[in-house]
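Engineer: dropping a prediction and its sequence here:
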Amino acid sequence: MDKSKVDYSLYLVTDSTPAILGSKDIVAVVEAALKGGVTCVQYREKHADTGEMVATAKRLHAVTQKYNVPLLINDRIDIALSVGCEGVHIGQDDLDLATARKLLGDDKIIGVTACNVEEVEAASTGGADYLGIGTVFATQTKENTKSIIGVSGLQYLLGYLRTSKSKVKTVCIGGINASNASRVMWQSSSLDRSLDGIAVVSAIVAASSPEGASRELLKLVKTPPVFALRSPTLDQASRSAEEVLSLVPEVVRRVDAAKPLSHNMTNLVVQNFAANVALAVGASPIMANYGEEAADLAALGGALVVNMGTVTPEGLQNYQKALKAYNDAGGPIVFDPVGAGATAVRRAATKTILNAGYVDVLKGNQSEILTCTPAGASLQQRGVDSSADASQTQDKLAATVRELAQLRRNTVVMTGATDLVSAGGAVYAVGNGHEYLGVVTGTGCCLGTTISAMVAAYPEDKVAATVAGLLLYEIAAENAAAREDVKGPGTFVPAFLDELFNLRKQIARGDDGWRQKAK
Ligand code: 3NM
Ligand code: MG
């Protein structure tokens, strides 16, 4: 077998513990899985005697050879050698890669488990043929999993391999099943660095029909999720600011005409204000925090805002259900990680949410967005206000926003005196706004609601929709603050709602007075 031609799309790892295998025969399960389309098999056995393992491996090899699929042995190089199968998979606590290579020779496949940059670097430069990256999601299958890296970790490690231009193949492992396979594949693959496949144990071995389960999983690996069809293309992400600006009236017109649903799962402080802002910008708000409702609401064609301003354990479960529902329906999601770095709970909640689904637009102030970067996981933040870190230059922040959007394949908005928007190509800067926005509670949250209205009405171009939302919101704030009847933050609030409403109507009518004001 030519190891450079191995297909890692659907990689089955066996398990013969009764809790997973049940009373089935492992060889029969593998044969059924091969029929269903499994492209690579690893025999993983932690408890049997060596003689028994050799016998089972031989039976497995006879089957995998029939399907021209490689058989790899977990950990046990001696067994791979005695069976003459295609290679081994070694973990970090097993025999080292260099010795394994010496024993097996260059023609055999050697895969290595890796969960962090050091391990990925060592294995990819040390001659591994592929990496098993995980543990992606918590799983009952493996005892003592070292670290749960989530989709974020997976994205980060693949980003590292892209930068280092390594050719090593990659599969992800840990809690991968039919509910997340397509999403994880897509989220972890940028244009020039794709995950090669998924590795699963229980999703196939514990299935009542390993053949059917394999067929479905293989299809999911090869099919991008529905939301991917409307993710920003490289061309969209790289347009000039002028081009994006020229789309603003059309975005606002669409919202005005369509009155899209803006489904808010937001905090206790802003419910009322956010609903009024949604109405003022032309959307139809629903404030619904119960996750069980999300599937029905997602079917109505609107967008979801997840704002974790007053996060609770129950709320977190509701968000996860809603993310899944909107991802499955293809409806856009705006995530506002309010106070992301402020407490350990919020840091963990941010991670949980980002791993539970794909968010189309990630919106936050400087410290919130920095907390969502791989480097920012341990950032400290004071309260939830939007104090800016002076050490971050505008160029550095712009690069951070672009890189984060690339990593997550979405649109990232970092708000501040100048707001930065990127979908991984150009970075658009919006300099509008007013200081009153900073002294009224919930204005950041309501910007998330505004953006949700725009992406709901204009889902095919989330970059233009996001920029339109920012401009509408911040120019309306300037218009309100300039009014004679506005004396301070208190009188600003009702005036702001008026001006949001008026400006939306003006832009929708084709009045382009806003163009002179856009900064
Ligand atoms: N290795 P399931 S997780 C065998 O993280 C194995 O390296 C892991 O099982 C790692 O698909 C794992 O049932 C078990 O979640 C994966
Ligand atoms: Mg091992």
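Structural biologist: That came in fine, so what should we check first? Quick caveat: nothing in here was measured; it's all calculated off a predicted structure. Residues are numbered from 1 along each chain as shown. Ligands and ions are numbered 1, 2, ... in the order given.
Engineer: ok, Glu143 to ligand 1 distance?
Structural biologist: 9 Å (C-beta to the nearest ligand atom, to the nearest Å). Backbone N, C-alpha and C define where each C-beta goes, glycine included.
Engineer: please apply the same query to Lys462.
Structural biologist: Taken as C-beta to the nearest ligand atom, the span from Lys462 to ligand 1 is 32 Å.
Engineer: helix/strand/coil for Lys167?
Structural biologist: Under the three-state scheme (DSSP: H, G, I helix; E, B strand; the rest coil), Lys167 adopts coil.
Engineer: could you count how many residues lie near it?
Structural biologist: Look at Lys167: counted by other C-beta atoms under 10 Å, it has 8 neighbours.
Engineer: residues contacting it?
Structural biologist: Contacts for Lys167 (C-beta atoms under 8 Å, 6 or more residues apart in numbering) come out as none.
Engineer: do the same with Thr415
Structural biologist: When contacts are counted by C-beta under 8 Å, 6+ apart, Thr415 touches Lys363, Gly364, Asn365, Gln366, Ser386, Gly444, Leu447.
Engineer: buried stuff in the one helix or strand Asn502 maps to?
Structural biologist: According to DSSP states H and E, Asn502 maps onto helix 489-509. Neighbour-count burial for helix 489-509 flags 489, 492-493, 495-501, 503-504, 506-508 (criterion: 16 or more other C-beta atoms under 10 Å).
Engineer: mind telling me what element the residue of the stretch 351-500 of the chain found nearest ligand 2 is part of?
Structural biologist: Nearest to ligand 2, among the residues of the stretch 351-500 of the chain, is Asn355, at 24.7 Å (C-beta to the ion). Using DSSP H and E, Asn355 sits in helix 344-356.
Engineer: ditto for Thr170
Structural biologist: Per DSSP H and E: strand 169-173 holds Thr170.
Engineer: any bit of that strand sitting next to ligand 2?
Structural biologist: No. Remark: strand 169-173 sits outside contact range of ligand 2, by C-beta under 5 Å from the ion, the gap being at least 12.0 Å.
Engineer: and the contacts of that strand?
Structural biologist: For strand 169-173, using C-beta under 8 Å, 6+ apart, the contacting residues are 6, 8, 11, 13, 113, 129-136, 154, 158, 161, 184, 188, 195-200.
Engineer: now check it, is it near ligand 1?
Structural biologist: Yes. Contact of strand 169-173 with ligand 1 (C-beta under 6 Å from any ligand atom) involves Ile173.
Engineer: so what are the sheet partners of that strand and their directions?
Structural biologist: strand 130-133 (parallel), strand 197-200 (parallel) (DSSP bridges).
Engineer: adding mean neighbour count, write the ones you listed out as CSV.
Structural biologist: Below are the strands paired with strand 169-173 laid out as CSV (neighbours: other C-beta atoms under 10 Å):
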stretch, mean neighbour count
strand 130-133, 26
strand 197-200, 27
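Engineer: quick one: closest of the ones you listed to ligand 2.
Structural biologist: strand 130-133 (10.0 Å).
Engineer: which SSE is immediately downstream of the closest one?
Structural biologist: Taking DSSP H and E, what comes next after strand 130-133 is helix 150-163.
Engineer: and the contacts of that following helix?
Structural biologist: Contacting residues not belonging to helix 150-163 are listed as 114-117, 120-121, 124, 133, 136-137, 147, 149, 168, 170, 172, 183-184, 187-190, 192-193, 195, 351, 354-355, 374, 406-408 [C-beta under 8 Å, 6+ apart].
Engineer: of these, keep whichever come out buried.
Structural biologist: The buried subset of the contacts of helix 150-163 - by 16+ other C-beta under 10 Å - is 114-117, 120-121, 124, 133, 136-137, 149, 168, 170, 172, 183-184, 187-190, 193, 195, 351, 354-355, 374, 406-408.
Engineer: show me how far stretch 283-291 is from its chain's centre.
Structural biologist: 23 Å (C-alpha atoms, centre = their mean, to the nearest Å).
Engineer: okay, helices next: where are they in the stretch 1-150 of the chain?
Structural biologist: Counting by DSSP state H, counting those that start in this stretch, the stretch 1-150 of the chain has helices at residues 18-21, 26-36, 50-66, 77-83, 97-104, 117-125, 150-163.
Engineer: let me have those helices in JSON lines, adding distance to ligand 2 and mean pLDDT as columns.
Structural biologist: Below are these laid out as JSON lines (distance: least, C-beta to the ion, whole Å; pLDDT from 0 to 100):
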{"stretch": "helix 18-21", "distance to ligand 2": "17", "mean pLDDT": "94"}
{"stretch": "helix 26-36", "distance to ligand 2": "18", "mean pLDDT": "98"}
{"stretch": "helix 50-66", "distance to ligand 2": "14", "mean pLDDT": "97"}
{"stretch": "helix 77-83", "distance to ligand 2": "11", "mean pLDDT": "97"}
{"stretch": "helix 97-104", "distance to ligand 2": "12", "mean pLDDT": "97"}
{"stretch": "helix 117-125", "distance to ligand 2": "13", "mean pLDDT": "96"}
{"stretch": "helix 150-163", "distance to ligand 2": "19", "mean pLDDT": "92"}
